[in-house]
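Trainee: Whatever this is, show me its structure:
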Amino acid sequence: MSSPSPSPLSDHALESVRVIRDAMERAGSFTAVPGAGMVVIGVTALVAAPIAAAAGTGSGWLATWIADGVLAAAIAAGAIGLKAKRLALPLNSGPARRFWLAFLPSLVAGAILTTALVAQGLGSFLPGTWLLLYGTGVTGAGALSVRIVPLMGFAFMGLGAAALLTAPAYGNALMAAGFGGLHVVFGLLIARRYGG
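Mentor: Below you'll find the model as predicted:
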């Protein structure tokens, strides 16, 4: 009776490469954050802010900002897809999944709170709520991304706190400063330092 033959060296090498690749993926960061896309998102918010201000504080204001949020989400998805393709980064990788898992709960919470605040006639709390929750999501997801992203999240959180602690009349201006200004500034920094 013959003993089983040992596995070829190539099988061991392939298994080692797989283990190393999996470890690197788990430790990796999500680098497809699109600076150029963030600049475009910021510009759309800077356009939306005076339109929302002219609409007043009612449903026109809300509809303007929700429309801008939907547009921003579409721009972000397209820009992330383009940058990931250019850098040959799979969007179904471990770092990408963890990034979205950290980011999306804050957006879901924002949608739920928006519905509740509007139903209760407390729309003046929306700017602070949106800025604070978006900043929380960016900070959490940013821990899995390039170093500058969490800083942007903290800046959004600061504006959100300011919006909640100051007169409601400042809400729209703080929305413009955050969703417009911060996206443009940090988008330019990310594009310059991290390639697009």
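Trainee: counting contacts, what elements does the top helix by length along the chain pack onto?
Mentor: Identified as the longest helix of the chain according to DSSP state H is helix 59-86. In terms of contacts (3 or more CB pairs under 8 Å, 6 or more residues apart in numbering; DSSP states H and E), helix 59-86 is packed against helix 35-55, helix 126-142. C-beta coordinates here come from the backbone N, C-alpha and C atoms, glycine included.
Trainee: Out of those helices, the one nearest residue 111 is which?
Mentor: Comparing the helices and strands packed on helix 59-86 by their distance to residue 111 (CB to CB), the top pick is helix 126-142, with 9.5 Å.
Trainee: What helices and strands are in contact with the helix or strand just after the closest one?
Mentor: Where DSSP states H and E defines the elements, the next helix or strand beyond helix 126-142 is helix 148-165. When contacts are defined as 3+ CB pairs under 8 Å, 6+ apart, helix 148-165 packs onto helix 126-142, helix 171-175, helix 183-194.
Trainee: Let's see that with 10 Å instead.
Mentor: helix 35-55, helix 94-119, helix 126-142, helix 171-175, helix 183-194 (3 or more CB pairs under 10 Å, 6 or more residues apart in numbering; DSSP states H and E).
Trainee: low-scoring stretches of the protein, by residue?
Mentor: Residue ranges of the chain with pLDDT under 70: 1-32, 94, 196.
Trainee: in the chain, which residue is closest to the centre?
Mentor: The centroid of the chain falls nearest to residue 138 when counting by CA atoms, centre = their mean (5.0 Å).
Trainee: Look up the closest residue to that residue, ignoring the ones flanking it.
Mentor: residue 153 (3.4 Å; CB to CB, 6 or more residues apart in numbering).
Trainee: quick revisit: make CSV out of the helices and strands packed on helix 59-86 and add distance to residue 82.
Mentor: Listed next are those as CSV, based on distance: least, CB to CB, whole Å:
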stretch, distance to residue 82
helix 35-55, 8
helix 126-142, 19
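Trainee: Of those, which stretch is the most buried?
Mentor: helix 126-142 (a mean of 23; mean count of other CB atoms under 10 Å).
Trainee: Residue 67 touches residue 59, doesn't it?
Mentor: No - counting by CB atoms under 10 Å, residue 67 stays clear of residue 59, with 11.9 Å between them.
Trainee: Looking at the helices and strands packed on helix 148-165, spot the one closest to residue 157.
Mentor: Residue 157 lies closest, by CB to CB, to one member of the helices and strands packed on helix 148-165: helix 126-142, at 3.5 Å.
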